[in-house]
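In: Need a 3D model of the sequence below.
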Amino acid sequence: MLALHPIFARFDARALHTVAARCRSVAFPAGEKIMQQGEHGDFALVILDGEVDVFVEIPAGLIHMATLGRDRIVGELGGIADVPRTATIMARTDVAALRVDRDNLMSLVAELPSIAIEIIGELGQRLHSTNQSLAFLTYAANALARGEYDAAMLAELTRQSGALATFARAFSDMAAEIQAKQTRREEMEAAAAIQQSILPGPLPLGAAEHRIDLHADMHPAREIGGDFYDYFMLDERRLVVTIADVSGKGIPAALFMAVSRTVMRNAPAETDMAQRMRDANRLLATGNTACMFVTMFSGVLDLETGRLRYCNAGHNSPYLLRSGGGRDLLKPTGIPFGIDPDRSYTIAETVLASGDTLFMFTDGITEAFNPAGDIFGEARLETVLDREGGIGATELVQKIIGATAEFAAGAEQSDDITCLALVYRGAI
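Out: Below is the predicted model of the structure:
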């Protein structure tokens, strides 16, 4: 039995017989702890029958390193040196073994110096193998950090047996998952850049520049979101402003958002507004197998008269802040788009006076939570709007988003945050 193990294989016959004569048989039932990491041991075990599990304990818990069976040796360092155990050994099944005590082995070394020479030679070979394996792993880890990892770097090591090979296989699996996540992250970053690129930029210079002050901002809860805002000139005197919130999160919501924006943008300018809303809803509801929907407020502002015609498809009611004080709510005029393809939509109307501000937002504002679980709510939003009335569009948007962030106090953002402010300056 001893001759089957590398640590004893170099012994000559006389040394082997001498060692074997001083071994004794031991047995352990399944589940028994045979050796404890950190304790000082004074023996090694040669497994005759059964299996043991090898664990290394770290702050996170016990890590399974290997399962060893017949003809394997455990605790060999305890058999030759007074050092703490480097692992915990548990009997996986009933185990029968030979116990080699360090005192017996050391007395044999005094009688037969060749035993010491062979032990040192074997441990030196093991150290060489360990250093080589660690070199492979270090090289692979550094390559992973640089983004240059290739699974072939560890192919030779993973084909071997032993604890380090087991670790190398675990490392390879981990590296593959990291690479996959990195690829997904890069794809999401690219998608986020595309989503940001389809949001409108500054309005072209013209009549709108002198008659309105407009600013919008969007902060997705994830890399990409389902909120969007849009504004564009329908003709020389009519401005379209839209804000929307798609159901769900992530990529599905972002795709439905892009479709919704396209549908709203492509409606012919000469078409009646009620008809454009019906057409948009029908396009979004038809073939909507994912059962998604979008709440949306879309208005058409006549820059000459301040007349605002709007459709509120189940969206949060925007605030119309009057320049002389007070505020109005532009309440829903229909259900969200994408639910019922045959639904018609009512068009409501109001008039903006010079200095009035239209503030539009998504529920990421009012449904922001702080660490205690409290919600920002409409009352807090109205307090900020009343306090900051009369300021410019950019400043108002910044004040609202800043108040929301201050209230959240670092709590994870649960929904996309989007708002748009439009200050009407009146006809010039």
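
In: any residues touching stretch 351-360, and which ones?
Out: By Cβ atoms under 8 Å, 6 or more residues apart in numbering, the residues outside stretch 351-360 that reach it are 229, 241, 243, 297, 299, 301, 305-308, 318-324, 385, 389-390, 393, 396, 400, 419-426. To be clear about C-beta, it is placed using only N, CA and C from the backbone, and glycine gets the same treatment.

In: among the residues you listed, which ones are buried?
Out: Buried by 16 or more other Cβ atoms under 10 Å: 229, 241, 243, 297, 299, 301, 306, 308, 318-321, 323, 385, 389, 393, 396, 400, 419-426, out of the contacts of stretch 351-360.

In: does Ala253 sit in a helix, a strand or a coil?
Out: Put simply, Ala253 is helix when judged by DSSP: H, G, I helix; E, B strand; the rest coil.

In: Not counting sequence-adjacent ones, nearest residue to it?
Out: Gly226 (2.9 Å; Cβ to Cβ, 6 or more residues apart in numbering).

In: what's around the one you found, how many residues?
Out: Neighbour count of Gly226, defined by other Cβ atoms under 10 Å: 30.

In: which ones are touching it?
Out: Gly226 is in contact with Asp245, Val246, Ser247, Gly248, Lys249, Ala253, Ala254, Phe256, Met257, Val294, Asp416, counting by Cβ under 8 Å, 6+ apart.

In: Please identify the helix or strand for Phe171.
Out: Assigned by DSSP states H and E, Phe171 falls within helix 163-198.

In: related to what we said a few turns ago, return the subset of the contacts of stretch 351-360 lying in strands.
Out: In this view, those that belong to strands under DSSP state E are 229, 241, 243, 297, 299, 301, 307-308, 319-321, 419-424.

In: picking that back up, quick one: which of the contacts of Gly226 is nearest Met174?
Out: Minimum distance to Met174 across the contacts of Gly226 is 27.3 Å, recorded for Lys249 (Cβ to Cβ).

In: any idea how far that closest one lies from Ala143?
Out: Distance of Lys249 to Ala143, given as Cβ to Cβ, to the nearest Å: 34 Å.

In: hmm, back to that, work out the gap between the helix holding Phe171 and the centre of the chain.
Out: 11 Å (Cα atoms, centre = their mean, to the nearest Å).

In: mean confidence for that helix?
Out: Throughout helix 163-198, pLDDT has a mean value of 73.

In: Show me what that helix is packed against.
Out: Counting contacts by 3 or more Cβ pairs under 8 Å, 6 or more residues apart in numbering; DSSP states H and E, helix 163-198 packs against strand 61-68, helix 113-146, helix 155-158, helix 250-265.

In: okay, the angle between the helix or strand containing Asp217 and helix 163-198?
Out: Assigned by DSSP H and E, Asp217 belongs to strand 212-219. Strand 212-219 and helix 163-198 meet at an angle of 170 degrees, taking axes from the mean of the first three to the mean of the last three Cα atoms, to 10 degrees as the criterion.

In: other SSEs contacting strand 212-219?
Out: By 3+ Cβ pairs under 8 Å, 6+ apart, strand 212-219 packs against strand 227-233, strand 238-246, helix 393-408, strand 417-424.

In: could these be laid out in CSV, adding mean pLDDT and distance to Glu177?
Out: Listed next are these as CSV, based on pLDDT from 0 to 100; distance: least, Cβ to Cβ, whole Å:
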stretch, mean pLDDT, distance to Glu177
strand 227-233, 89, 31
strand 238-246, 92, 30
helix 393-408, 94, 31
strand 417-424, 94, 31
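
In: Of all these, which one is nearest Val100?
Out: Across the helices and strands packed on strand 212-219, Val100 has its closest neighbour in helix 393-408 (63.8 Å, Cβ to Cβ).

In: quick one: buried residues of the closest one?
Out: Within helix 393-408, the residues that count as buried by 16+ other Cβ under 10 Å are Ala393, Leu396, Val397, Gln398, Lys399, Ile400, Ile401, Ala403, Thr404, Phe407, Ala408.

In: so what's the third one up against?
Out: With contact set as Cβ under 8 Å, 6+ apart, Val397 has these partners: His215, Ala216, Asp217, Cys419, Leu420, Ala421.

In: likewise the last one?
Out: By Cβ under 8 Å, 6+ apart, the contact set of Ala408 is Ala368, Phe369, Asn370, Phe376.

In: Equivalent analysis for the second one, please.
Out: Leu396 makes contact with His215, Thr357, Phe359, Leu385, Glu388, Ala421 under the criterion Cβ under 8 Å, 6+ apart.

In: So Lys249 and Ala143 - more neighbours on which side?
Out: Lys249 (17 against 14).

In: I'd like the distance from the more buried one to Gln195, if you could.
Out: Distance from Lys249 to Gln195, by Cβ to Cβ: 13 Å.

In: Next, show the common contact partners of those two.
Out: Gly225.

In: Break the protein into its domains for me.
Out: 2-111, 142-191, 200-424 (automatic domain parsing).

In: Just put the ones you listed in TSV and tack on distance to Leu134.
Out: Converted to TSV, the domains of the chain look like this (distance: least, Cβ to Cβ, whole Å):
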stretch	distance to Leu134
domain 2-111	15
domain 142-191	8
domain 200-424	37
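
In: which of these has the lowest average pLDDT?
Out: The minimum mean pLDDT among the domains of the chain belongs to domain 142-191 (a mean of 74).

In: Helices of the stretch 251-400 of the chain, start to end?
Out: Per DSSP state H, counting those that start in this stretch, the stretch 251-400 of the chain carries helices over the ranges 273-285, 363-366, 377-387, 393-408.

In: nearest to Asp342, of these?
Out: Checking these against Asp342 by Cβ to Cβ gives helix 273-285 as the closest, at 7.5 Å.

In: Which residues outside the closest one are in contact with it?
Out: 256, 259-260, 263-264, 267-268, 271, 293-294, 298, 300, 309, 311, 313, 334, 337-347.

In: just the buried residues of helix 393-408 now: which is nearest Arg185?
Out: Nearest to Arg185 out of these is Ala408 (Cβ to Cβ; 24.2 Å).
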